[in-house]
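Asker: Below is the sequence, then the predicted model.
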Amino acid sequence: MQCSRCKSEKVIQVSAKCSDMCVVRMGEHEHEGYVPSGIGIGGGDYIELKLCIGCGQVQGSFPKEFPEASGDVA
């Protein structure tokens, strides 16, 4: 796979199972529980993303919105 930003072939795929023990923070917002879907990092029990280790760009379609429901705490 080629990076969408720098065109490098140094794209790694990260996959991790965390069951319902995931914490995602953005500013004053926090989501605790299952991996939130729709923000480009996986969903359910799995964190899944592709990252260019040449430039640091996460691969995918962005921007995304932070989940406002399902465990979001201000």
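Answerer: That came through fine. Numbering: from 1, shown residues only.
Asker: Strands of this structure, residue ranges please.
Answerer: Remark: strands assigned in the chain by DSSP state E are 11-17, 22-26, 29-33, 42-43, 46-52, 72-73.
Asker: Direction included, what does the third one pair up with?
Answerer: Using DSSP bridges, the strands paired with strand 29-33 are strand 22-26 (antiparallel), strand 72-73 (antiparallel).
Asker: Ranking the ones you listed by mean neighbour count, which comes first?
Answerer: Ranked by mean neighbour count under mean count of other CB atoms under 10 Å, those are led by strand 22-26, which reaches a mean of 14. Glycine gets a C-beta too; all of them are placed from N, C-alpha and C.
Asker: angle of it against strand 11-17?
Answerer: The directions of strand 22-26 and strand 11-17 differ by 120 degrees, with axes from the mean of the first three to the mean of the last three CA atoms, to 10 degrees as the criterion.
Asker: how about the strands of the chain, which one is nearest residue 2?
Answerer: For residue 2, the closest of the strands of the chain is strand 11-17, at 7.1 Å, according to CB to CB.
Asker: Now the residue nearest the centre of the chain. Its backbone dihedrals?
Answerer: Nearest to the centroid of the C-alpha atoms of the chain, with distances taken as CA atoms, centre = their mean, sits residue 41, at 2.2 Å. The phi and psi torsions at residue 41 (degrees, to the nearest 10) take the values phi -120, psi 10.
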